[in-house]
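Q: structure for the following, please:
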Amino acid sequence: MAHSPSHPRKRIVLLGATGSIGENALRVIAAHRDKLELVGIAALRNHARLAQIARDFGVHHVAVFDPAAAAAAKSGGEFPPGTQLHGGLAGLIALSQLPEADIVLVAIIGTTGLEPALAALAAGKDLALASKEILVLAGKFVMAAAKKHGSKLLPVDSEHSAVFQCLEGHPQAGVRRIVLTASGGAFRDWPAERLAHVTPADALKHPTWAMGPKITVDCATMANKGLELIEAQWLFGLRAEQCTAVLHPQSIVHCLVEFKDGAMLSQLSPPSMTFPIQYALLHPDRAPGVDSALDFTQLLGFEFRPVDELRYPAFRLARQVMVAGGIAPAVFNAANEVAVAAFLAGSIPYLAIPRVIDQTLQAVENSEPDTLAAVLDADANARRTATSLLKKLT
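A: Okay, here's the model as predicted:
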């Protein structure tokens, strides 16, 4: 959806404004106020930060998902006069369909962003997607909605943005495979025997990226990279065997795209989310970046290693569900969310995360969903199953 000539700035709704993606998006918008305008913001519960953003950017539409926090926001008087406050899922959907919005950036962790994302597409908005769970859960429905309403789907994950940039101008028929890069997470170089004693604090020490707790644990288990491969399948219309990953500790090369003639293209940038966020928001234009580019006057070494699936069983399981299709990716995602939350709460050991995923996948029969409701049922069923499995581990 091109923005109207009478509005030279592209108008953005930011769902997940107070998280790490949201804060980086605000840096990009602030740096390009001549090209980008923030018209709607939403968060889970941090209404004080939302009020600050509303003041800084002159935003009049605000949503708070958590009911208690939404009530506190409405009674607190911290928002500028004239601010329209929305609450709950209905509030996120209302923001996604704001008539004045051109693009909706979905940066909400987990599956909460699914309905707002579909609502944005139904309203003909372009969608910048940072929540990988949305395509893992309901890829076929999201891609169908984007096609039906003529909306652009712009990836915000650094790896998918990299593939997107490498593929532009190349016919899909010429692509042999894509290779996503992975840092390997906090325990990449730990001896295997130490993994039994990992603490949540250990898991949150990511070697190269600064991200939220859940995704940082997912990087350590490499469940994150598995989810990204499933997402890439949908975004780029690829078969499971065309999507793979490699360890790249420096987190500077974000993908490799191999063509049928054996030539490869890659995309390089420092490990900052401002690069893919800016590319999605300004697409197809480019402008000076918020963070410094690579400095080739300094010594730069790039290392690539194969992924050891014995060390990363969650990655192996993700590759299996990518091949299986149906509701299996949704079940994987739900079980992983439940298991990671339990690990961060100190309820289960680190090595139990892939065990919970595996046992949930075995307990829930795979099928091909014909409706979005069927996918959401599978998600809820997988969460119940994984939660009951947790009780046996605690």
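Q: nearest the middle, which residue of the chain would you pick?
A: By C-alpha atoms, centre = their mean, the chain has its centre lying nearest to Ser131, at 2.9 Å.
Q: could you measure from the residue lying closest to it once chain neighbours are set aside over to Gly40?
A: Of all residues not flanking Ser131 in the chain, Gly113 sits nearest, at 4.4 Å (C-beta to C-beta, 6 or more residues apart in numbering). (Each C-beta comes from the backbone N, C-alpha and C, glycine too.) Relative to Gly40, Gly113 is positioned 14 Å away (C-beta to C-beta, to the nearest Å).
Q: could you do Ala263 as well?
A: Distance from Ala263 to Gly40, by C-beta to C-beta: 42 Å.
Q: out of those two, which sits in the busier spot?
A: Set side by side, Ala263 and Gly40 show more neighbours around Gly40, with 28 against 10, by other C-beta atoms under 10 Å.
Q: state the helix or strand in which the more buried one lies.
A: strand 36-43 (DSSP states H and E).
Q: can you list the strands that that strand pairs with?
A: strand 10-15 (parallel), strand 61-64 (parallel) (DSSP bridges).
Q: what's the angle from the helix or strand following that strand to strand 10-15?
A: Sequence order places helix 47-57 as the next helix or strand after strand 36-43, per DSSP H and E. Orientation of helix 47-57 against strand 10-15 (axes from the mean of the first three to the mean of the last three C-alpha atoms, to 10 degrees) gives an angle of 170 degrees.
Q: quick check: mean pLDDT across helix 47-57?
A: The pLDDT scores in helix 47-57 average 97.
Q: that one: which residues count as buried?
A: Within helix 47-57, the residues scored as buried using 16 or more other C-beta atoms under 10 Å are His47, Leu50, Ala51, Ile53, Ala54, Phe57.
Q: with just CA atoms, put the biggest helix by length in the chain into PDB.
A: Of all segments of type helix in the chain, defined using DSSP state H, the longest is helix 372-393. Provided in PDB are the C-alpha atoms of helix 372-393 (Å, rounded to 0.1, in the frame of the first residue of the first chain):
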ATOM      1  CA  LEU A 372      -7.800 -20.400  11.500                       C
ATOM      2  CA  ALA A 373      -9.900 -21.700  14.400                       C
ATOM      3  CA  ALA A 374      -8.400 -25.200  14.000                       C
ATOM      4  CA  VAL A 375      -4.900 -23.700  14.300                       C
ATOM      5  CA  LEU A 376      -5.900 -21.800  17.400                       C
ATOM      6  CA  ASP A 377      -7.500 -25.000  18.900                       C
ATOM      7  CA  ALA A 378      -4.200 -26.800  18.200                       C
ATOM      8  CA  ASP A 379      -2.200 -24.100  19.900                       C
ATOM      9  CA  ALA A 380      -4.500 -24.200  23.000                       C
ATOM     10  CA  ASN A 381      -4.400 -28.000  23.100                       C
ATOM     11  CA  ALA A 382      -0.600 -28.000  22.800                       C
ATOM     12  CA  ARG A 383      -0.300 -25.500  25.700                       C
ATOM     13  CA  ARG A 384      -2.500 -27.700  27.900                       C
ATOM     14  CA  THR A 385      -0.500 -30.800  27.000                       C
ATOM     15  CA  ALA A 386       2.800 -29.100  27.600                       C
ATOM     16  CA  THR A 387       1.600 -27.700  30.900                       C
ATOM     17  CA  SER A 388       0.500 -31.100  32.100                       C
ATOM     18  CA  LEU A 389       3.900 -32.500  31.100                       C
ATOM     19  CA  LEU A 390       5.600 -29.800  33.200                       C
ATOM     20  CA  LYS A 391       3.900 -31.100  36.300                       C
ATOM     21  CA  LYS A 392       5.700 -34.500  35.800                       C
ATOM     22  CA  LEU A 393       9.000 -32.700  35.600                       C
END
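Q: could you give the mean pLDDT of stretch 247-258?
A: In the prediction, stretch 247-258 has an average pLDDT of 95.
Q: the stretch 201-350 of the chain: strands as residue ranges?
A: Assigned by DSSP state E, counting those that start in this stretch, the strands in the stretch 201-350 of the chain fall at 243-247, 253-259, 264-268.
Q: give the contact list for the nearest residue to Thr221 once chain neighbours are set aside.
A: Leaving aside its sequence neighbours, Thr221 sits nearest to Ala314 (C-beta to C-beta, 6+ apart; 4.2 Å). Applying C-beta atoms under 8 Å, 6 or more residues apart in numbering to Ala314 gives the contacts Thr221, Met222, Ala223, Gly226, Asn336, Ile353, Pro354, Ile357.
Q: what is the nearest of these to Leu89?
A: If you rank those by distance to Leu89 using C-beta to C-beta, Asn336 comes first, at 22.2 Å.
Q: what about that closest one, neighbour count?
A: For Asn336, using other C-beta under 10 Å, the count is 30.
Q: related to what we said a few turns ago, what's the most buried one of the strands of the stretch 201-350 of the chain?
A: Comparing the strands of the stretch 201-350 of the chain by mean neighbour count (mean count of other C-beta atoms under 10 Å), strand 253-259 ranks first with a mean of 21.
Q: what pairs with it, parallel or antiparallel?
A: According to DSSP bridges, strand 253-259 has the following sheet partners: strand 175-182 (antiparallel), strand 264-268 (antiparallel).
Q: not counting its neighbours along the chain, what's nearest Lys125?
A: Spatial nearest neighbour of Lys125, excluding adjacent residues (C-beta to C-beta, 6+ apart): Val104 at 5.1 Å.
Q: surely the one you found is in a helix?
A: No. Looking at Val104 with DSSP: H, G, I helix; E, B strand; the rest coil, it is strand, so not inside a helix.
Q: for Leu129, see how far away it is.
A: From Val104 to Leu129 the distance is 9 Å (C-beta to C-beta).
Q: list residues touching both of these two?
A: Contact with both Val104 and Leu129 is made by residues Ala117, according to C-beta under 8 Å, 6+ apart.
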